[in-house]
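1. got a sequence here, can you build the structure:
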Amino acid sequence: MSVRFPGLRVATAAIAALAASAGAPALAQTQDPPPPKAWQKDSPPPVEIFAQRDLHHPPPLKGTRRSVKAFVAWAARSVPSEREDARAAIARAGNSSVSNPVARHLCELAQGALGTDHTLALLQLAILGELKNPTVGLGCLRDILWTPLPTEGTRDVELGDFIEVESLATVQAKAVDGLAYLRSPAGDAEVLKAIESHPSRIVRAEAIDAYLWNHGDSPDAKARLLPLTKGHGEEIFLDRVRKEDGEGAATFDPKLEAFLRAHPELQPTEDQQGGANPPKNDKPDLIPPPPLTGFSFDPTCGATAPACNGSCPEGRRCVANDVAACTCVTQ
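-> Prediction:
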């Protein structure tokens, strides 16, 4: 599921209505996926549950905690064709009041989900960002953005850091998306601060992308960010290729090729091109490797393995070695 909302990026199938990219607007509609077929033995199959849903009828997003939770649950089950239904419902609930109850409940729910339900926190912040509330919403997104990253947890060897750090950083990246989508001096100030000084590269990269998108990818926006990226050596993020919703290879590949031409240092070296699946050697070396230690090759041992009935010097016998060749070995 891949419905996109402005300012928001989530890439999990469960977050149907709010999978978005750095403030990107709704682009071409994507076709709804087929209903799932797998199910547990003692429960109805998902296809039956899916068929019972009343599409295009989100629950009202009112100022009560119960209605907010109901809307979040609906959004988690929604499909791409319901994207505009979700956005319209959120727009009706949005206002700039200091005590906006929808924003307040979304904030409380998201803060409660931090560290316990990663996916739910992302979804709640996506809706909060779409709400564009400049008071409660801005304050909540700012608080989550600057929540201190964990200093202990479960270390991921490949990541080189704690899993808990990456988890919170991705949530903070969602918060910075919402701040950029406010398109206000206060929101932009937090985004610029994150680009310059946030401790997570995940957040800094997302902040750059979100700021640029919400400022039309203009040369002025890039010039504004350039000095802020130099402290971390992340100037290249200003040119990063963005894949738009519904975009195919015909338009994306030329953008990627232009990016690599502009940054040839990213091209793999000759010894890196094999990757995990190096090219097959169609012309293997015809010279057999030396036999195992303790064996001595003698061309007079002239039979083909495994027969090995050729002749060897006195005191030796002819046997097959590890490469299916015959060698004379000391008896």
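
2. drop to CA atoms for contacts and neighbour counts, all remaining ones
-> Will do.

3. quick one: the strands in the stretch 151-300 of the chain?
-> Secondary structure of the stretch 151-300 of the chain (DSSP state E, counting those that start in this stretch): strands located at 155-156, 161-162.

4. what's in contact with the last one?
-> It refers to strand 161-162. 150, 151, 152, 153, 154, 155, 156 (CA atoms under 8 Å, 6 or more residues apart in numbering).

5. 6 Å instead, please
-> Here strand 161-162 makes contact (CA atoms under 6 Å, 6 or more residues apart in numbering) with 153, 154, 155, 156.

6. the last one: what's it in contact with?
-> With contacts defined as CA under 6 Å, 6+ apart, the neighbours of residue 156 are 162, 163.

7. okay, now the unreliable bits of the stretch 151-300 of the chain?
-> Counting by pLDDT under 70, the low-confidence segments of the stretch 151-300 of the chain come to 270-300.

8. that older thread, out of the contacts of strand 161-162, who's nearest residue 249?
-> Taking CA to CA as the measure, residue 156 is the one of the contacts of strand 161-162 closest to residue 249, at 33.2 Å.

9. identify the bridge partners of the closest one.
-> Here residue 156 sits in beta bridges with residue 161, as judged by DSSP bridges.

10. any idea which of the strands of the stretch 151-300 of the chain is most buried?
-> Most buried of these, by mean neighbour count (mean count of other CA atoms under 10 Å): strand 161-162, with a mean of 16.

11. related to what we said a few turns ago, which stretch among the strands of the stretch 151-300 of the chain comes nearest residue 213?
-> Nearest of the strands of the stretch 151-300 of the chain (CA to CA): strand 161-162, 29.3 Å.

12. re the thing from before, and the contacts of strand 161-162 as a markdown table, adding distance to residue 99?
-> Listed next are the contacts of strand 161-162 as a markdown table, based on distance: CA to CA, whole Å:
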| residue | distance to residue 99 |
| --- | --- |
| 153 | 36 |
| 154 | 38 |
| 155 | 40 |
| 156 | 41 |
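
13. re earlier: I'd like the strands of the stretch 151-300 of the chain as CSV, with distance to residue 110 appended.
-> Formatted as CSV, the strands of the stretch 151-300 of the chain follow (distance: least, CA to CA, whole Å):
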stretch, distance to residue 110
strand 155-156, 25
strand 161-162, 21
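
14. nearest to residue 182, out of those strands?
-> Set against residue 182 and scored by CA to CA, the strands of the stretch 151-300 of the chain come closest in strand 161-162, at 31.1 Å.

15. between the strands of the stretch 151-300 of the chain, which gets nearest to residue 316?
-> So among these, strand 155-156 is nearest, using CA to CA, at 55.3 Å.

16. can you map out the helices along the stretch 51-200 of the chain?
-> 65-77, 83-93, 101-113, 118-131, 136-145, 163-182, 185-197 (DSSP state H, counting those that start in this stretch).

17. how about CSV for the ones you listed, with mean neighbour count and distance to residue 51 added?
-> CSV is the format used below for the helices of the stretch 51-200 of the chain (neighbours: other CA atoms under 10 Å; distance: least, CA to CA, whole Å):
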stretch, mean neighbour count, distance to residue 51
helix 65-77, 19, 12
helix 83-93, 18, 18
helix 101-113, 21, 29
helix 118-131, 25, 23
helix 136-145, 22, 35
helix 163-182, 26, 31
helix 185-197, 19, 41
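
18. domains of this protein?
-> As given by automatic domain parsing, the domain ranges for the chain are 46-240, 295-331.

19. turn those into a markdown table, columns for distance to residue 258.
-> Shown next, in a markdown table, are those (distance: least, CA to CA, whole Å):
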| stretch | distance to residue 258 |
| --- | --- |
| domain 46-240 | 10 |
| domain 295-331 | 48 |
